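Q: whatever this is, show me its structure:
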Amino acid sequence: MYLFRKSLLAGRATLLACSVLVTNALAQKPAQPTLGYRSVKPLTQNGSSFKDLNKNGKLDKYEDWRLPLETRVQDLISQMTIEEKVGFMLISTTRLAGDNSFQQGAPKAEITSGFNEEDLVQSTNMFTRKPLPYPMMMAAGTTKGVMQNQLRHFILRANTSARTMADWSNNLQALCESSRLGIPAIVASNPRNHITIDASIGLSVGTTVFSKWPGELGLSAMHDLKLTREFADIARQEWAAVGLRKGYQYMADLATEPRWQRIEGTFGESADWTADMTREIVLGFQGPKLGMHSVALTTKHFPGGGPQVEGQDPHFDWGKNQHYPGNMFDYHLKPFQAAIDAGTSAIMPYYAKPIGTKYEEVAFAYNKGIIKDLLRDKMGFQGIINSDTGPIEMMPWGVEKLSILERYQKAIDCGVDLFSGSGDPSLLLETVKKGLVSEKRINESVARLLREKFTLGLFENPYVDADVAQKTVGNTNFQNRGDLAMRKSIVLLRNSAKLLPLAPKTKVYMESYYNNGRTQSPYAVIKPQANTGALTFVGTKEEADVAVLWITPNGGSLFSSTGAPIELQLSKNKIDVAHVNAITSAKPTVVLINYTSPWVIDEIDNANVKTVLATFGTTTDAVLDVLSGAFKPTGKMPFTTPVSRQAVLDNQSDVPGYMKPKGYALFTFGDGLTYEK
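A: Sure, this is the predicted structure:
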């Protein structure tokens with residue numbers, strides 16, 4: 001009797017457990033997603049709707065949103081041809097018909113969102129100054145790229161209205177939907193929300209219709225992680241509204257070598273602070289977990305691009321070496337680990353090759369010790385490895401003697417999944433067909449790329465609403481938060497004469513100085529009409545009680561490099577030092593310096609310069625609010641500025657400024673004053 005009752009109780013427990021499992025399963029059943037389609041026919045099964053992407057009249061596993069992710073991925077891979085798989089491993093630059101705003105960035109009315117069979121096919125090289133010995137497509141025409149080359153990853157460089165981008169994105173997705181398997185595209189972009197000086201290709205799109213925020217250094221200078229997360233979430237909403245679902249951003253590199261030309265895109269020199277910033281950026285764009293409302297990020301440039309020899313850039317042969325004279329290789333990994341822990345979807349290795357380390361002296365995209373052993377195995381990254389633009393054809397540092405096919409072989413063997421810089425899959429296809437890379441290995445990369453697309457919900461609905469895009473992008477509420485960030489990004493470095501805040505009715509002569517080589521004069525007198533804080537603005541310094549001089553040094557475009565060592569003195573960066581000194585010696589002067597690099601200011605830093613502020617891409621209104629005291633400065637320096645040219649020459653490239661020997665710094669990481677009560 002006892003055994004019977006025990007068995008009965010056990011049976012009841014089993015039934016109860018099964019009931020709980022069934023209930024949980026029903027509760028976790030995926031909800032019907034909104035489907036977006038243009039040409040395919042919907043399928044209905046048990047009251048649920050699906051898209052017949054391969055047009056075979058039946059529900060395939062990859063079309064069934066109820067199934068586990070991996071089931072869908074493997075089913076689609078089993079249906080893809082090798083040509084489709086290889087094309088899937090390229091991400092190509094694309095532009096809009098009539099787009100001539102490629103580099104400088106002012107939206108132009110003639111841009112259209114249409115396609116044609118020969119649109120925008122380029123056989124030229126973006127960076128090198130001499131023709132390549134073989135044909136190469138840097139940018140693939142969208143129609144030809146999708147239908148002939150099987151491309152499904154694009155980097156949009158065009159700078160136009162939100163509506164045009166949304167319409168173009170919808171046209172692209174409709175084109176993809178009409179293909180054999182209906183695989184949607186994913187469109188990436190470089191940053192679009194920041195005030196920046198160098199809008200070179202690959203760095204920034206320049207001034208856009210999106211909400212405007214400080215440059216990346218300025219975001220860091222705010223010293224406000226909550227507002228940083230809010231920025232990323234706002235940008236996510238704007239990007240997703242126009243169909244941009246992938247960011248070629250942000251840089252987790254450290255500004256430890258002051259001469260490196262890409263410091264403007266970093267969050268500064270501190271690994272710990274940059275790790276915090278990187279975490280908030282990833283979580284803001286992607287969310288706690290990648291999903292249908294996310295913008296996936298590609299964090300770059302692993303394992304940290306800051307410690308370049310002489311600060312040279314590895315887009316060029318003379319800048320291909322990266323070194324660690326201070327033995328701080330691991331220090332540069334901290335922000336990348338933060339990105340990995342936050343769930344970044346992809347990581348981009350840098351062009352450079354390490355010298356003087358335990359690793360092979362080949363570019364990071366070819367470096368198995370860096371990608372597989374370090375990034376994958378030790379740091380635990382399982383997402384997409386996305387090469388920078390052109391390491392196969394243009395920047396194959398350390399593997400120059402290998403053929404193109406052998407370079408593909410080596411990079412894929414190291415772990416690269418997605419190759420940027422070409423729209424022509426023929427050589428990668430040849431690499432596979434000659435047996436240098438197995439189709440099994442290709443399937444691994446394709447699986448990673450498909451997981452991202454499925455998780456983002458692109459297979460269910462890749463389309464956007466152009467009306468919603470127009471209302472979302474750059475809206476007033478978003479810009480109000482950006483305006484706050486502009487003010488918080490300004491750093492008060494020196495106020496020894498207690499000149500700030502300026503008293504009401506002070507007569508102010510305000511001048512900006514920026515020599516970009518395109519304007520008739522680098523001098524511009526600023527006479528604001530609003531937000532003056534009761535200040536009186538005059539047209540000459542002779543009339544003024546106080547002069548305000550806002551200078552923007554200009555080191556030139558990244559791609560204007562000549563191979564000469566980088567100089568940081570103001571006179572070497574298009575600043576008329578004599579003009580600055582004439583103003584500071586004539587009147588009490590507030591000097592604002594826009595820092596895109598850690599400029600050496602000893603040519604103007606004399607006894608007359610008692611009030612100094614740092615900006616990192618901000619607006620005149622924001623500056624006026626700080627000068628007048630309407631907003632008390634709270635910003636902190638994101639990097640250290642050297643005291644002299646010799647300090648720069650003597651510095652160790654991998655060591656942050658705040659750790660460098662005494663006597664190196666004029667202003668140090670974390671410096672920043674506010675107004676006394």
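
Q: wait, a helix at residue 92?
A: No. Applying DSSP: H, G, I helix; E, B strand; the rest coil, one finds residue 92 to be strand, outside a helix.

Q: beta-bridge partners for it, please?
A: Applying DSSP bridges to residue 92 gives these bridge partners: residue 154.

Q: skipping adjacent residues, who's closest to the spatially most central residue of the chain in space?
A: Residue closest to the mean C-alpha point of the chain, counted by Cα atoms, centre = their mean, is residue 249 at 1.9 Å. Nearest residue to residue 249, sequence neighbours excluded (Cβ to Cβ, 6 or more residues apart in numbering): residue 191, at 5.2 Å. (C-beta placed from N, C-alpha, C; glycine too.)

Q: burial of the one you found, as a residue count?
A: Per other Cβ atoms under 10 Å, the neighbour tally for residue 191 reads 23.

Q: what about it, distance to residue 237?
A: To residue 237, residue 191 is 16 Å away according to Cβ to Cβ, to the nearest Å.

Q: go on, residue 168?
A: 19 Å.

Q: who's more crowded, these two?
A: Applying other Cβ under 10 Å to residue 168 and residue 237 shows that residue 168 carries more neighbours, namely 28 against 15.

Q: helix or strand for that one, which one?
A: Here residue 168, judged by DSSP states H and E, is contained in helix 162-177.

Q: please identify the pairing partners of the next helix or strand after that helix and their relative orientation?
A: Following helix 162-177 in sequence order, the next helix or strand is strand 186-189 (DSSP H and E). If you go by DSSP bridges, strand 186-189 pairs up with strand 153-156 (parallel), strand 246-247 (parallel).

Q: ok, and what's touching strand 186-189?
A: Under the contact criterion Cβ atoms under 8 Å, 6 or more residues apart in numbering, strand 186-189 has outside partners 91, 152-157, 169, 172, 205, 239, 243-248, 296, 298, 452-453, 456, 458.

Q: 6 Å - rerun?
A: 153, 154, 155, 156, 243, 244, 245, 246, 248, 453 (Cβ atoms under 6 Å, 6 or more residues apart in numbering).

Q: now stretch 510-529
A: Where contact means Cβ under 6 Å, 6+ apart, the residues beyond stretch 510-529 that reach it are 537, 548, 549, 550, 551, 552, 554, 574.

Q: for the helix holding residue 168, what does the pLDDT average out to?
A: Taken as a whole, helix 162-177 has a mean pLDDT of 92.

Q: just to revisit the earlier point, and which of the contacts of stretch 510-529 is nearest to residue 488?
A: residue 550 (17.9 Å; Cβ to Cβ).

Q: least confident of the strands paired with strand 186-189, on average?
A: For the strands paired with strand 186-189, the bottom mean pLDDT is recorded on strand 153-156, which sits at a mean of 92.

Q: how distant is it from the center of its chain?
A: Relative to its chain's centre, strand 153-156 lies at 13 Å (Cα atoms, centre = their mean, to the nearest Å).

Q: using CSV, write out the CA atom coordinates for it.
A: Taking C-alpha atoms only, strand 153-156 is exported to CSV below (Å, rounded to 0.1, in the frame of the first residue of the first chain):
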residue,chain,number,x,y,z
HIS,A,153,26.0,44.0,-46.7
PHE,A,154,26.4,47.7,-47.5
ILE,A,155,28.0,50.8,-46.1
LEU,A,156,26.0,53.9,-47.0
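
Q: list of residues touching it?
A: 91, 92, 93, 94, 186, 187, 188, 189.

Q: mind listing what the spatially closest residue to residue 194 that is not a sequence neighbour touches?
A: Excluding its sequence neighbours, the residue lying closest to residue 194 (Cβ to Cβ, 6+ apart) is residue 215, at 4.9 Å. By Cβ under 6 Å, 6+ apart, the contact set of residue 215 is 194, 195, 196, 616, 617.

Q: and residue 215, how far from residue 613?
A: 15 Å.

Q: show me the shaky parts of the protein.
A: The model of the chain has pLDDT under 70 over residues 1-28, 95-141, 199-202, 529-533.

Q: rerun that using 80 as the cut-off
A: 1-29, 95-142, 198-206, 517-520, 529-533, 556-562, 677 (pLDDT under 80).

Q: and for residue 398, the neighbour number?
A: The tally of other residues near residue 398 (other Cβ under 10 Å) stands at 20.

Q: same deal with residue 657?
A: Residues near residue 657, counting by other Cβ under 10 Å, number 26.

Q: what distance do you get for residue 379 to residue 339?
A: The value you get for residue 379 to residue 339, if Cβ to Cβ is used, is 10 Å.

Q: ok, back up a step: which of the contacts of strand 186-189 lies closest to residue 408?
A: Checking those one by one against residue 408 (Cβ to Cβ), the nearest turns out to be residue 153, at 16.5 Å.

Q: count residues in the vicinity of that closest one, would you?
A: The number of residues near residue 153, taken as other Cβ under 10 Å, comes to 25.

Q: in the stretch 251-400 of the chain, which spans are helices?
A: Using DSSP state H, counting those that start in this stretch, the helices found in the stretch 251-400 of the chain span residues 271-286, 334-342, 368.

Q: how about TSV for the ones you listed, with mean neighbour count and distance to residue 528 added?
A: What follows is these, written out as TSV (neighbours: other Cβ atoms under 10 Å; distance: least, Cβ to Cβ, whole Å):
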stretch	mean neighbour count	distance to residue 528
helix 271-286	23	32
helix 334-342	23	38
helix 368	17	57
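
Q: of all those, which one is nearest residue 595?
A: When these are ranked by proximity to residue 595 (Cβ to Cβ), helix 271-286 comes first, at 16.1 Å.

Q: for the closest one, give me every contacting residue.
A: 220, 225, 228-229, 232-233, 236, 250, 252, 254, 267, 294-295, 297, 331, 334-335, 338-339, 342, 344.
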